[in-house]
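**Student:** Could you work out the structure for the sequence below:
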Amino acid sequence: MTDYRNGNTYRNGLTYRGSSGVFQAPPLRQNISVSVKAAIATNVISMAKWAATKKADIQYSTAWENGHSTDYGLSTAWDKALPADAEYSVDWLASAAKLITEIKTAWGKPLAAGAEVRINWQQADAILPDTATMPWSETYRADTNVETGYLTISHRYEGEFYRNKENYRSFWKYRLENRQLALDNSLSTGWGGYTAKLNDNNIPWGDGFHIWGTETPLEWTSDTSPIPDQPAPAEPEISEFYNVATDLTVIDVATQTPLSIDSVSISLDIDSFAWTLTARVLNRASMNLAAPSKLIEVSTMGWAWVFLVESYTSTRGIATTWQINASSQSRMLDAPWQDASSHIDNTTTTWQQAVSALMPVGWEAVVTKIDDYTIPAGAWSYNNKTPKEALSELLETIGAVAIPDMATKKLHIQPRYKYAPWEYNLPTTEPDAIIHEAMILSESGQYRPANQHNGVWVSGNNQHGVIVEVMRYGTDGLPQAQDVYHELITDAAAGRQKGKQIIAASGSKTLTTIETIITDEQASPGLVLPGSIVEVVSDGETWRGLCLSVGVEGAGLPAITQTLTIERDHGDHS
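**Tutor:** Purely as a prediction, here's the structure:
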């Protein structure tokens, strides 16, 4: 006799997997029939009204019409349902009583059969009573709950695949290697041999989805042209004449009192640490507020500067006037506003950290387009220098300049040539300002011939320095400039940046002086600052150069202009 452990009855039409395949459950043996008046139990669908009492073997068949058993040992009047034996009493009007208490099945109904009686369910594998868990190589129903040693798992999943080397430890992921899991009545897939990305998996719930995302090719379009380092400037507006409404406002910073001042002239050179101002003061009250050591603010065309008044002269006559000279606040980084001091840095630092350390309280150094590098302990020192003087030494190391901010306590530090002349026309280079010839009021030029160098040796000291040979890309490095030495060439990055500035400064140049209009910052050319790359456009040619200086004249007058000195390179930069 084979026992089964399952809480469900064998309903006809269900499919079971055995050790040798998948089978359809048959009805009970065809040669077993039970006559219950008119009902013939030829299969399990026809249920006997005697509460599913079934004869398991023909030798135990009974003529129920006669109301007594053909079994000589179990002869019973069925109307009275008297037991034939106290141990095997059967109440035929109740649920089918078990004949042998030790023999039962897990399918929900007892079988009246002895140990020698077997029911062949077409090789359905039995689950032994002492089996605590069901191994996955055994057969189980795909549409029922299967109890495992971890938790009860429902096998009704939709669109899910699981891969894990453990058994069912989690409801959401597992992997069964070299086993088969029944997915429905006829289809199965091996958990060990497939992945969810295979399109040919035969799964009953449809095509499913890819847990790694769509496999639909995406079309990418992109602009492969180089990206400029900065936004393009405003295009100039070309006109036969320009109608500009000029203005001039000068106030005392401390009291915000307007001052009576005219004849303003403002200028800056690329190698200067400060903007300069000259102006005429028209009355005594204004002069008292614009006396030396006072801060005044000058605004014109949307641009504003803050100046420190340093000196004045007076002219007496019918109306006394005063001429004042002033500088931007960056002037206060030098004597007499700052004392000279000495310093040696005994810890490793960087070039930018050394620059920031020189800034007094309230000051800021804004560094752009400079590659920082390491300065070893003991390499950086200065003796009896003001912050401005010590900063000049750091700038000289790599060929940088400091452009003072017009109105705040900031220094904008950048390479003198933030683009070398051979980089002026690259797709990655955008100019800072564009001047059309229609905007040019006057122009002059001074030619300065010089040899073009393509290489240079740059070195530091013997203790901390390095030696770097710098060559312009695409050349053999010849002719070479004179060797350059500086204490703070302690890294190849320092030598490379210094060498590039030397090569960029070589070659024949023309210093072109252009007088043009000044506009607000929303229009072209705006105010052009030293260190800017300027593009000059004319019908004959377009060229770019480095702005070396700017001077603003006529603030408050009908004609306000800026005069630019632009260095135009004549080297071969093809």
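
**Student:** for stretch 490-498, which positions count as buried?
**Tutor:** 490-491, 493-498 (16 or more other CB atoms under 10 Å). (Glycine included, C-beta is placed from N, CA and C.)

**Student:** Now tabulate those residues in a markdown table and tack on pLDDT.
**Tutor:** A markdown table is the format used below for these (pLDDT from 0 to 100):
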| residue | pLDDT |
| --- | --- |
| 490 | 97 |
| 491 | 97 |
| 493 | 97 |
| 494 | 97 |
| 495 | 97 |
| 496 | 97 |
| 497 | 98 |
| 498 | 98 |
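
**Student:** Among these, which ones are in helices?
**Tutor:** Mapping the buried residues of stretch 490-498 onto helices (DSSP state H) picks out 493-498.

**Student:** which residues of the stretch 301-450 of the chain fall in strands?
**Tutor:** 303-315, 321-328, 341-344, 349-350, 364-367, 374-375, 381-385, 400-404, 410-415, 433-436, 440-448 (DSSP state E, counting those that start in this stretch).

**Student:** Figure out which of these is closest to residue 248.
**Tutor:** Taking CB to CB, strand 303-315 is the member of the strands of the stretch 301-450 of the chain nearest to residue 248, at 11.0 Å.

**Student:** ok, for residue 467, nearest residue in space, not its chain neighbours?
**Tutor:** residue 459 (4.3 Å; CB to CB, 6 or more residues apart in numbering).

**Student:** oh, I was asking about residue 289
**Tutor:** Once flanking residues are discounted, residue 289 sits nearest to residue 252: 4.1 Å by CB to CB, 6+ apart.

**Student:** And the helices in the protein, which stretches?
**Tutor:** Listed in chain order, the helices of the chain (DSSP H) span 284-289, 351-357, 387-398, 492-505.

**Student:** Now tabulate these in CSV and tack on distance to residue 412.
**Tutor:** Shown next, in CSV, are the helices of the chain (distance: least, CB to CB, whole Å):
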stretch, distance to residue 412
helix 284-289, 30
helix 351-357, 12
helix 387-398, 12
helix 492-505, 17
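
**Student:** quick one: which of those helices is nearest residue 451?
**Tutor:** helix 492-505 (11.2 Å).

**Student:** angle of that closest one against helix 387-398?
**Tutor:** Angle of helix 492-505 versus helix 387-398, following axes from the mean of the first three to the mean of the last three CA atoms, to 10 degrees, is 80 degrees.

**Student:** give me the low-pLDDT residue ranges for the stretch 101-250 of the chain?
**Tutor:** Along the stretch 101-250 of the chain, the parts satisfying pLDDT under 70 run over 101-220, 223.

**Student:** so who does residue 254 touch?
**Tutor:** Shown in contact with residue 254 (CB atoms under 8 Å, 6 or more residues apart in numbering): 289, 294-295.

**Student:** And the buried ones among those, selectable in PyMOL?
**Tutor:** Per 16+ other CB under 10 Å, the buried members of these correspond to this PyMOL selection:
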select buried, resi 289+294
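
**Student:** What is the neighbour count of the residue nearest to residue 467?
**Tutor:** 17 (other CB atoms under 10 Å).

**Student:** what's the answer for the one 3 residues further on, then?
**Tutor:** Burial of residue 462 is recorded as 6 neighbouring residues (other CB under 10 Å).

**Student:** Can you spell out the domain ranges of this structure, please?
**Tutor:** Per automatic domain parsing, the structural domains of the chain span 1-131, 455-505.

**Student:** ends of the shortest one, how far apart?
**Tutor:** Its start and end residues considered, domain 455-505 measures 12 Å (CA to CA, to the nearest Å).

**Student:** And for stretch 478-487?
**Tutor:** From its first residue to its last, stretch 478-487 covers 25 Å (CA to CA).

**Student:** For that stretch, give me every contacting residue.
**Tutor:** Taking CB under 8 Å, 6+ apart as the rule, stretch 478-487 contacts 379, 396-397, 451-461, 464-465, 498-499, 502-503, 506.

**Student:** That stretch - what's its average pLDDT?
**Tutor:** Stretch 478-487 shows a mean pLDDT of 96.

**Student:** just stretch 559-566 next, same as before
**Tutor:** On average, the pLDDT along stretch 559-566 is 95.

**Student:** Can you tell me what sits against that stretch?
**Tutor:** 244, 246, 300-301, 441, 511-518, 527-528, 534, 536, 545-554.

**Student:** Against residue 466, how distant is the residue nearest to residue 371 when sequence neighbours are not counted?
**Tutor:** Spatial nearest neighbour of residue 371, chain neighbours left out: residue 493 (4.9 Å); criterion: CB to CB, 6+ apart. According to CB to CB, to the nearest Å, residue 493 and residue 466 sit 10 Å apart.

**Student:** ok, now how distant is residue 379 from residue 222?
**Tutor:** Applying CB to CB, the value for residue 379 to residue 222 is 45 Å.

**Student:** who has more neighbours, those two?
**Tutor:** Legend: neighbour count by other CB under 10 Å for residue 379 and residue 222, higher for residue 379 (21 against 5).

**Student:** That one against residue 491, yeah?
**Tutor:** No: Residue 379 is beyond contact range of residue 491, at 10.2 Å (criterion: CB atoms under 8 Å).

**Student:** Please produce CSV containing the ones in helices among the buried residues of stretch 490-498, extended by distance to residue 409.
**Tutor:** Compiled in CSV, those are given as follows (distance: CB to CB, whole Å):
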residue, distance to residue 409
493, 29
494, 27
495, 32
496, 31
497, 26
498, 28
